[in-house]
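A.B. asks: Okay, sequence plus prediction incoming.
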Amino acid sequence: MQDQIENARAAIRWSADYLLKAATATPDTLYVQPNMDHRCWERPEDMDTPRNVYKVSAQNPGSDVAAETAAALAASSLVFIDSDPTYSSQLLQAAINDELLWGASWIYKASGINSYMEFIQSNGHILGADDDGYTFSWDDKRPGTKILLSKEFLEKNSEEFQLYKAHADNYICSLIPGTPGFQAQYTSGQ
């Protein structure tokens, strides 16, 4: 597996470069293509339908996609922290422009900047952190956020993160066949 690390880094860099360009081409603006490509699942090279670009800014809100981008950039920065610290820093600086729960969680993990943890503690309940969600998807990052934040409880015994840990435990257990409680549905794999 060690011989595949560079291939994995190259794949992550390719995606991170795209997000970096979308997030830094124009100050205080993020360019996205929100969902038209979900209507047709094929290779981008084969698509012949229009894919209009949407400009996210203070005048054109899109905090959900901005937070997703921030989270992806912060997570990607961790991949390169040892192998390419300059690139890692560049990704993290681009990520720090958004402060929603998922983005804030990854930014805190990558940077240790306390204002992101304070944001999470102050706004987590408003942003759905108290909900016990069982679906981690492109549209619901709460289970992933809870797993990330449950480490705060485990590593620092921070009582305010006990609920995150409980939700993370429930989510992980839902993925393991045969455990009591809610179970994730699996396809037959046929």
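C.D. replies: Received, thanks.
A.B. asks: rest of the way, CA atoms for contacts and neighbours
C.D. replies: Will do.
A.B. asks: Could you break the protein into its assigned domains?
C.D. replies: Per the record, the chain has its domains at 2-103, 128-190, by automatic domain parsing.
A.B. asks: weakest of these by average pLDDT?
C.D. replies: For those, mean pLDDT drops lowest on domain 128-190, to a mean of 80.
A.B. asks: From the chain's centroid, how far away is that domain?
C.D. replies: Here domain 128-190 is found 15 Å from its chain centre; the criterion is C-alpha atoms, centre = their mean, to the nearest Å.
A.B. asks: helices and strands around the longest helix anywhere in the chain, which ones?
C.D. replies: Identified as the longest helix of the chain according to DSSP state H is helix 5-24. For helix 5-24, the packing partners by 3 or more C-alpha pairs under 8 Å, 6 or more residues apart in numbering; DSSP states H and E come out as strand 30-32, helix 63-79, helix 85-95.
A.B. asks: hang on, the earlier thing: would you convert the domains of the chain into TSV that also reports distance to residue 116?
C.D. replies: Below are the domains of the chain laid out as TSV (distance: least, C-alpha to C-alpha, whole Å):
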stretch	distance to residue 116
domain 2-103	7
domain 128-190	12
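A.B. asks: For those, give me CSV that also has mean neighbour count.
C.D. replies: Formatted as CSV, the domains of the chain follow (neighbours: other C-alpha atoms under 10 Å):
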stretch, mean neighbour count
domain 2-103, 16
domain 128-190, 15
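A.B. asks: circling back to that earlier point, tabulate the helices and strands packed on helix 5-24 (TSV), appending distance to residue 134.
C.D. replies: What follows is these, written out as TSV (distance: least, C-alpha to C-alpha, whole Å):
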stretch	distance to residue 134
strand 30-32	27
helix 63-79	19
helix 85-95	26
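A.B. asks: mind checking which of these is nearest residue 173?
C.D. replies: helix 63-79 (24.2 Å; C-alpha to C-alpha).
A.B. asks: Hey, what's the angle from that closest one to helix 5-24? Just curious.
C.D. replies: 140 degrees (axes from the mean of the first three to the mean of the last three C-alpha atoms, to 10 degrees).
A.B. asks: Quick one: list the elements packing against helix 63-79.
C.D. replies: Applying 3+ C-alpha pairs under 8 Å, 6+ apart, one finds that helix 63-79 contacts helix 5-24, helix 85-95, helix 101-111.
A.B. asks: Rebuild these as a markdown table, extending it with distance to residue 147.
C.D. replies: Below are the helices and strands packed on helix 63-79 laid out as a markdown table (distance: least, C-alpha to C-alpha, whole Å):
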| stretch | distance to residue 147 |
| --- | --- |
| helix 5-24 | 21 |
| helix 85-95 | 20 |
| helix 101-111 | 10 |
